[in-house]
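In: sequence plus the predicted model coming up.
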Amino acid sequence: MPRVAASALGETTADRVMGHRPELLKAWENLKHALLGPSSTLSPQLKEEVRRTLAQRTGCRFCASLGLPADDHATRSESLAVAFADAVALDHMAISDAQVKLLLDEFTLPQFVELLIWISFEYAGQMFGCLIGDDPATAEEKRAFADSTATRSTGPTASHSPSTTPDSGVGSR
């Protein structure tokens, strides 16, 4: 059971807790939509694998319950992004210039910046879920999340290269 009472606003437990500050919930949702919208430079598959990777380290039971990261990744870009996200979650202070250079050699500058923002957004949302004591996703929440990621994978951002998502509404905070 979550540590913090929910408000009436929002779709997930974390959203409803954020709903005690409606203007912050709205800003959070706007950022989520900007990161997942048609101007995204990263694929939904890559973003989802990053989300899943972070979820195994942040302590958010809800986030971790939405799926494990894949053992193998579709592209080099996805593999590098996932490895970097894992390194960030383990110790963001230990990230080296060499790791950043490797990403900059693989991604365009806008993609790299978006990746950093995505990792930071997901990490913050998942930490929020951990701090409020969010429960693992119910079967219904898992289905809704799977449906939302499937839609994003076939939507407008799916054609972007490299190979992105969760939502932050149901999976990410």
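Out: Received it, and whenever you're ready, just let me know what you need. Numbering: from 1, shown residues only.
In: for the longest helix anywhere in the chain, packing partners?
Out: In the chain, ranked by residue count with DSSP state H as the criterion, the top helix is helix 109-131. Contact here means 3 or more CB pairs under 8 Å, 6 or more residues apart in numbering; DSSP states H and E; on that basis helix 109-131 packs against helix 13-18, helix 22-36, helix 44-58, helix 61-64, helix 76-91, helix 97-106. No exception for glycine: its C-beta is placed from N, CA and C like everyone else's.
In: any chance of those in a markdown table, with distance to residue 119 and mean neighbour count too?
Out: Shown next, in a markdown table, are the helices and strands packed on helix 109-131 (distance: least, CB to CB, whole Å; neighbours: other CB atoms under 10 Å):
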| stretch | distance to residue 119 | mean neighbour count |
| --- | --- | --- |
| helix 13-18 | 18 | 23 |
| helix 22-36 | 11 | 15 |
| helix 44-58 | 6 | 25 |
| helix 61-64 | 13 | 23 |
| helix 76-91 | 5 | 18 |
| helix 97-106 | 11 | 12 |
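In: rebuild those helices as a markdown table, extending it with distance to residue 2.
Out: Formatted as a markdown table, the helices and strands packed on helix 109-131 follow (distance: least, CB to CB, whole Å):
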| stretch | distance to residue 2 |
| --- | --- |
| helix 13-18 | 5 |
| helix 22-36 | 16 |
| helix 44-58 | 16 |
| helix 61-64 | 9 |
| helix 76-91 | 22 |
| helix 97-106 | 35 |
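In: and those helices: which comes nearest residue 128?
Out: Nearest of the helices and strands packed on helix 109-131 to residue 128, taken as CB to CB: helix 13-18 at 5.9 Å.
In: hmm, who's touching the closest one?
Out: 2, 4-10, 24-25, 28-29, 62, 125, 128-129, 132, 134-135, 169, 173 (CB atoms under 8 Å, 6 or more residues apart in numbering).
In: and the one helix or strand in the chain whose mean pLDDT sits lowest, what does it pack against?
Out: Least confident helix or strand, the chain: helix 139-154 with a mean of 87, by mean pLDDT, DSSP states H and E. If you count contacts as 3+ CB pairs under 8 Å, 6+ apart, helix 139-154 packs onto helix 44-58.
In: can I get the helix it packs on in PDB, CA atoms only?
Out: C-alpha atoms of helix 44-58 as PDB (Å, rounded to 0.1, in the frame of the first residue of the first chain):
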ATOM      1  CA  PRO A  44       9.700   3.900 -28.600                       C
ATOM      2  CA  GLN A  45      11.600   0.500 -28.400                       C
ATOM      3  CA  LEU A  46      14.800   2.200 -27.200                       C
ATOM      4  CA  LYS A  47      13.000   4.300 -24.700                       C
ATOM      5  CA  GLU A  48      11.100   1.300 -23.300                       C
ATOM      6  CA  GLU A  49      14.300  -0.700 -22.900                       C
ATOM      7  CA  VAL A  50      15.900   2.200 -21.100                       C
ATOM      8  CA  ARG A  51      12.900   2.500 -18.800                       C
ATOM      9  CA  ARG A  52      12.900  -1.300 -18.100                       C
ATOM     10  CA  THR A  53      16.600  -1.200 -17.300                       C
ATOM     11  CA  LEU A  54      16.300   1.700 -14.900                       C
ATOM     12  CA  ALA A  55      13.300   0.100 -13.300                       C
ATOM     13  CA  GLN A  56      15.400  -2.800 -12.100                       C
ATOM     14  CA  ARG A  57      17.600  -0.400 -10.100                       C
ATOM     15  CA  THR A  58      15.400   2.400  -8.800                       C
END
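In: right, I'll call it a day here.
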